[in-house]
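**Student:** Just need the structure, nothing else, for what follows:
(2 chains)
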Amino acid sequence: MSDLLRDRLTSISGFGMSAQEDGYCFRPTHPEQVREIFEIARTTGRKVVLRGAGRSYGDAAILGEALILDISRMNRILSYDPQTGVVQAEAGVTIGDLWRLGIEDGWWPPVVSGTAYPTLGGALGMNIHGKNAYRVGTLGEQVLSFTAITPSGSFLTLTPDNPDFYRIISTAGLLAVIVQVSLQLKKVQTGDLDVLALAPRTWQEQFDMFRRYEPEADYMVSWVDCFGKGSQAGRGVFHAAWYQHGITGAGHTLSLTHQDLPDTLLGFFPKSIVWRFLKPLNNRIGMKVLNRAKDFAASTLGNGKHHPQSLVGFSFLLDYVPNWRNAYLPGGFVQYQSFVPKEYAQAVFARQIDLQQAAKCESFLGVLKRHRPDRFLFSHGIDGYSLALDFKLTSKNRERLFELAHQMNELVLQAGGKFYLAKDSTLRERDFMQSVGTAAIAEYRQAKEHFDPEGLLSSRQAIRLGLSRSSDLGMF
Amino acid sequence: MVGASSGIGRECAKQLAAAGVKVAAVARRAERLDQLKGEFPDKIIPFPHDVTNTDEIPDLFMRITQELGGLDLIIYASGVMSDVGRHEFNTAKDLPMIEVNVTGAIAWLNEAAHRFERVGHGSIVCIGSVAGDRGRVGQPVYNASKSFVATYMEALRNRLHRLGVRVTTIKPGPTETEMTSHLHMKKMPVEVAARKTLQLVGRSGEFYLSPMHKIAFFVIRNFPSLLFRRLSV
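**Tutor:** Predicted coordinates:
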């Protein structure tokens, strides 16, 4: 048995590169092989950790000495109807695969993350959201049905009228392996969005803009300069965007060539090496200057102007600079996102940034979004706002950063807020329990007992949050 | 920690456990391992095993990494030195030194090297000896076994350093352990030898544990053979 695993050993990390583990990687191409992997787990006494594209930032898709079930090779489109926009795909199909499939027929994935790389299976495990979360909710709400395999080997096909639908989506792949998804794409008339850029100068203006455009805009997102202090605190750039209707002669915008992100800057500079130039700037001083420069440009040149932008360009900001995360090497980074009810969001986020500045641990990027509640078990959806942050991790600041995160978590919990498992590295068991509530935890435990009584599905995050028993891991 | 029941190995295991590291303690003498576990019940997991049973090693290695939840460091400290007389040529006394000092080291460290090559991180430490620097009148086979260790480790280092794996050869001089209890000379306390060894983890290279040894063995290594054979060192 040791030979079977020996050569599958590989080192994996979360996307933030701040947590790393060694495990045994299996990349099945067929659902039947998923069953076999659970069988190997049983005979070798190991856990199974699910992994899609590995885009969760923290430790959700890693576990030491476990079998890594990487679904990325189950990536076939099983059916697609250009008339109705209904797609049936295997779970390893990525968001990028989906938009490429439908765009020329005027179909766009209804919910996309800031990067096109996540797989459908991973995205549903985490129940991702996009910049239109306040309008259409999470990805799970767009699913017509999905098929999952439980660790005991049975196939389940679930639709939104089944309570288990809301349990398997959002629980980070700890109950079953989603292997097929049926999804309704969104009809678009053109491949461009009409984008409005505004430059809020304060927290108050930030939230005023969200309130102002919430009833009409299809997408809203705002960038926050976390180095802004005093009267400048909360300054940033707000974007609202609309699908365009009734425009003739815009057919070319639905082509792949119009959508695809260029591989050069200004037509000649290769983007693949941009991260190497970012790296020397990727520190407090460099980022302070860069944030300031971006803010200056946005508040003078771009303020109040409308411009067309391709769906891909607007949606997948994180894909602009390939391998940008390498600028955070060697320590990696911690991505932190908290969700706060609308009444308290402004106060909580302003305080979070004050705390960062006091700790000299400012986030190099801040992204503000609007959300709405949904009925998924470990939902992060809330009638409020979220602020996503990127913290550089070094050997010197680790303790300080985690202490800061715990203070920020406390603020969120006091306000009745929530967290997002794809972006969590810092929660403690009681924090997570408090955020989702004891009823949700009890329901999860019951579902876990039902679908995975042997506790095969696990992850480092699941152990940290008390969602998987570490006792049968052989650890002590 | 292979060779955790006595000497530098046992002391390294204790110091690692005291620093909060989870240690798989591998050695032949189970009762000594249990004693070690008694001292650090949360940190030390005993694995009784005789390094000359090389067939067991691949599966045991997998079991250990599973129990630990990963592997960052392996230290091979198993070593024996037979009491060989100045005029003795005794194969029965010589071969066990090869089995433990050489064959066991290959079998264990090959497993570790394979693993660390795959994952691109990790540290391999092997306890060699100053005795490996020259073939001398007192201990031909012990000298040769430790010389083998140094050369084998150098080769691992040249294979793995570029991948991010650190390969460290430690060359202690006489140390206060059971192995050298019959030798009457100045010895380094075992706690000190272990502490210095652990400080070198993560540095690729060959290291002596005292500046005196570094100088003395520089001279000894470079002493002309024509004269060396006339000495009785």
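
**Student:** Against which helices or strands is the helix ranked longest in chain B packed?
**Tutor:** For chain B, the longest helix by residue count, based on DSSP state H, is helix B:140-160. Under the contact criterion of 3 or more CB pairs under 8 Å, 6 or more residues apart in numbering or on different chains; DSSP states H and E, helix B:140-160 touches helix B:91-97, helix B:105-119, strand B:123-127, strand B:166-171, strand B:205-208. Backbone N, C-alpha and C define where each C-beta goes, glycine included.

**Student:** who touches it?
**Tutor:** Contact with helix B:140-160 is made by B:81-82, B:84, B:94, B:97-98, B:101-102, B:105-106, B:109, B:113, B:116-117, B:124, B:126, B:128-129, B:131-136, B:167-169, B:171, B:204-206, as judged by CB atoms under 8 Å, 6 or more residues apart in numbering or on different chains.

**Student:** if we can go back for a sec, among the helices and strands packed on helix B:140-160, which comes closest to chain A?
**Tutor:** helix B:105-119 (3.9 Å; CB to the nearest CB).

**Student:** then the closest one to CSV, C-alphas only?
**Tutor:** Provided in CSV are the C-alpha atoms of helix B:105-119 (Å, rounded to 0.1, in the frame of the first residue of the first chain):
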residue,chain,number,x,y,z
ALA,B,105,21.6,5.1,7.2
ILE,B,106,21.1,4.4,3.5
ALA,B,107,17.7,2.7,4.1
TRP,B,108,16.3,5.5,6.3
LEU,B,109,17.8,8.5,4.5
ASN,B,110,16.9,7.2,1.1
GLU,B,111,13.2,7.2,2.2
ALA,B,112,13.6,10.7,3.6
ALA,B,113,15.4,11.9,0.5
HIS,B,114,12.7,10.5,-1.8
ARG,B,115,10.0,12.3,0.2
PHE,B,116,11.8,15.6,0.5
GLU,B,117,12.7,15.6,-3.2
ARG,B,118,9.0,15.3,-3.9
VAL,B,119,7.9,18.1,-1.6
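
**Student:** for it, the distance to its chain's centre please.
**Tutor:** In terms of CA atoms, centre = their mean, to the nearest Å, the centre of helix B:105-119 is found 15 Å from the chain centre.

**Student:** How about stretch A:128-143?
**Tutor:** Distance, centroid of stretch A:128-143 to centroid of chain: 12 Å (CA atoms, centre = their mean).

**Student:** circling back: what is the distance between the longest helix of chain B and the centre of its chain?
**Tutor:** Distance of helix B:140-160 from its chain centroid, counting by CA atoms, centre = their mean, is 11 Å.

**Student:** what does stretch B:65-76 give?
**Tutor:** The chain centroid and the centroid of stretch B:65-76 are separated by 16 Å, computed with CA atoms, centre = their mean.

**Student:** Same check on stretch A:205-222?
**Tutor:** Centre to centre, stretch against its chain (CA atoms, centre = their mean), the figure for stretch A:205-222 is 21 Å.

**Student:** mean confidence for it?
**Tutor:** In this model, stretch A:205-222 has a mean pLDDT of 98.

**Student:** So for it, what gets flagged as buried?
**Tutor:** A:205-207, A:209-210, A:213, A:217-222 (16 or more other CB atoms under 10 Å in any protein chain shown).

**Student:** ok, now stretch A:341-351?
**Tutor:** Buried, per 16+ other CB under 10 Å, within stretch A:341-351: A:341, A:344-346, A:348-350.

**Student:** for chain A, what are the nearby residues on chain B?
**Tutor:** Counting by CB under 8 Å from any CB of the partner chain, chain B comes close to chain A at B:22, B:42, B:45, B:58-59, B:61-62, B:65-71, B:114-115, B:118-121.

**Student:** Can you flag the buried ones in the residues you listed?
**Tutor:** By 16+ other CB under 10 Å, those give B:22, B:45, B:58, B:61-62, B:65-71, B:115, B:118-119 as buried.

**Student:** Report the two of the residues you listed separated the most.
**Tutor:** When CB to CB is used, the two most widely separated members of those are B:Ile45 and B:Arg118, lying 22.9 Å apart.

**Student:** As a markdown table, the buried residues of stretch A:205-222 with distance to A:His245 would be great.
**Tutor:** Compiled in a markdown table, the buried residues of stretch A:205-222 are given as follows (distance: CB to CB, whole Å):
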| residue | distance to A:His245 |
| --- | --- |
| A:Glu205 | 29 |
| A:Gln206 | 28 |
| A:Phe207 | 28 |
| A:Met209 | 23 |
| A:Phe210 | 23 |
| A:Tyr213 | 17 |
| A:Ala217 | 14 |
| A:Asp218 | 11 |
| A:Tyr219 | 15 |
| A:Met220 | 18 |
| A:Val221 | 21 |
| A:Ser222 | 25 |
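
**Student:** Filter those down to just the ones in strands.
**Tutor:** Judged by DSSP state E, the subset of the buried residues of stretch A:205-222 located in strands is A:219-222.

**Student:** Considering those residues, which is situated nearest to A:Glu65?
**Tutor:** Comparing these against A:Glu65 with CB to CB places A:Val221 closest, at 39.5 Å.

**Student:** My read is that A:Val143 contacts A:Ala123, right?
**Tutor:** No: here A:Val143 lies out of contact with A:Ala123, judged by CB atoms under 8 Å, at a distance of 10.2 Å.
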